[in-house]
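Q: What shape does this take:
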Amino acid sequence: MSVEPYKVLALKYRPSQFSELVGQDTLVKTLKNSFLSKRVGHAFLLHGDRGVGKTSTARLIAKALNCLEKKDGDVEPCNTCSNCQSIQMGRHVDVIEMDGASKTGVNDIREIIETVVYRAASAKFKVYIIDEVHMLSNSAFNALLKTLEEPPEHVKFIFATTDIKKIPLTILSRVSRFDLRRLEIEVLMKHLLEILKREGLKAEKEALKTISREAAGSVRDALSILDQVLVNCETIIENKMVNELLGKVSRLEILYLLELIIQGKTKETLKRVRSSISGNTSPALLLQELLECLHFVSVSSLMDHELIGDDHSSEEKKLAKKLVSSTDPVILTSLWQILFKGIDELKIASQSITSLEMLLFRACHMSIMPSPDALIKSVLGSRADSTMHVYNLERKSPLKRQGKDEIIEPIEGMIKNTELDKSTETTDTSAVKEILDIFPGATVKK
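A: Here you go, the predicted model:
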């Protein structure tokens, strides 16, 4: 008895209809209108980040063009005819899928140019799908220009790319461009929940949020993570398990770590960091999480719900609000500078853990320094009162003239005090500038 091989979720739940494309409403609407009005172009360019559905969309277009059971007025492919099934599996003889990363030269494009003149064997249209098209050489692009501008009526081109900037303008002017968006966390969570229902499984809301956040808007990345999690779960997916699998520390724990840094508690900070790293968390990942939480706290200071978003739990928002109320925004921006520069330090350090600890030493020390306002006032008020008093008196004293032609000697004390004042002002200005350089965005309250 043969056992059906396991199929990963990204392939098992690959969209088979336009309505199943998640988070691409504008793209779906435009394509449907094109088919309904019979104004389908001869060349498409699908641009978007990894895992947002470029290849799936290309196959859907190919199916909609060549479906045998589709009637007038229908847009969606039937998914039951031989053409639809073979295209869905990537095996149709008239739908040629080419990898632009491995076939980059003129000779590869010449094969296409030489075969476009022949009609499709069993389909209405011959469709060429070139993935990662930006990897083609300039010569290959140039060789394709004439055919792309005036292809035979039975030929359609579909290009997919993650880097639109590398595609020549001469190509862009000959295609219909569609930009696929990254999915928002809420949309991705809903999609994962529907898949879990089909699989007969349940998951904690925070677990789905962690997976969606880690996927960064990519459906394929989210499903790949979910595949790994399902291996270790029985009936319900827990957030703790997801964090352990990803080597991540929960965002709430990172916020508590950030609180220790802001309070300047170096000993407690290092203990918590070592505890996190002793698990499955790398120093670089921990630093990245710290930066993300620091950004979240900084944005929370603006008190704008739309900017903060719904990606965070109520506990996280409550702790962020607490940190905002007790921390000068200048300290937050200075912390960001220190931690951000630490990314490069960790890359070249022989011991990344040691480098991270020294980085946090700096961050804790900076957090408990006097505010820039206090430092600047201290510098400006450091001159001796007696010197200022003499200086003011000499400035106000009148010069008595006894005659028109009499030369008046300047008061020696006034010259000395004036020179002292200029020197002091120069020193003060330099000191204030250094303080402002350390604390960008700082202001002095009068």
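Q: ok, Val324 touching Phe296?
A: No - in this structure Val324 lies outside contact range of Phe296 using C-beta atoms under 8 Å: 10.3 Å. No exception for glycine: its C-beta is placed from N, CA and C like everyone else's.
Q: Glu97 looks like it's in a strand, true?
A: Yes - assessed by DSSP: H, G, I helix; E, B strand; the rest coil, Glu97 belongs to a strand.
Q: okay, now it: neighbour count?
A: As a burial measure, Glu97 scores 19 neighbours (other C-beta atoms under 10 Å).
Q: so it makes contact with Gly90?
A: Yes - when contacts are counted by C-beta under 8 Å, Glu97 is listed as touching Gly90 (5.8 Å).
Q: the helices in the stretch 251-400 of the chain, which residues?
A: Using DSSP state H, counting those that start in this stretch, the helices of the stretch 251-400 of the chain run over residues 251-262, 266-277, 283-300, 305-308, 314-326, 329-348, 352-367, 372-380, 385-396.
Q: need the ones you listed in TSV with mean pLDDT, distance to Asp221 and mean neighbour count, can you?
A: Below are these laid out as TSV (pLDDT from 0 to 100; distance: least, C-beta to C-beta, whole Å; neighbours: other C-beta atoms under 10 Å):
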stretch	mean pLDDT	distance to Asp221	mean neighbour count
helix 251-262	91	19	21
helix 266-277	90	23	17
helix 283-300	91	16	19
helix 305-308	80	24	10
helix 314-326	88	23	15
helix 329-348	90	22	16
helix 352-367	90	25	18
helix 372-380	67	42	17
helix 385-396	41	66	12
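Q: These: which one's closest to Ser224?
A: Among the helices of the stretch 251-400 of the chain, helix 283-300 comes nearest to Ser224, with 17.7 Å by C-beta to C-beta.
Q: Poorly predicted segments of the stretch 101-250 of the chain, please.
A: In the prediction, the stretch 101-250 of the chain carries no residues with pLDDT under 70.
Q: To Asp227, which of the helices of the stretch 251-400 of the chain lies closest?
A: Asp227 lies closest, by C-beta to C-beta, to one member of those: helix 283-300, at 20.7 Å.
Q: Pull the closest one out as CSV, backbone CA atoms only.
A: The C-alpha trace of helix 283-300 is given here as CSV (Å, rounded to 0.1, in the frame of the first residue of the first chain):
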residue,chain,number,x,y,z
PRO,A,283,23.6,37.9,20.6
ALA,A,284,22.8,39.4,17.2
LEU,A,285,19.2,38.4,17.4
LEU,A,286,18.9,39.7,20.9
LEU,A,287,20.3,43.0,19.8
GLN,A,288,17.9,43.2,16.9
GLU,A,289,15.0,42.5,19.3
LEU,A,290,16.2,45.3,21.6
LEU,A,291,16.3,47.8,18.7
GLU,A,292,12.7,46.8,17.6
CYS,A,293,11.4,47.3,21.2
LEU,A,294,13.3,50.6,21.5
HIS,A,295,11.5,51.8,18.3
PHE,A,296,8.2,50.6,19.7
VAL,A,297,8.7,52.6,22.9
SER,A,298,9.8,55.7,21.0
VAL,A,299,6.8,55.6,18.8
SER,A,300,4.5,55.0,21.9
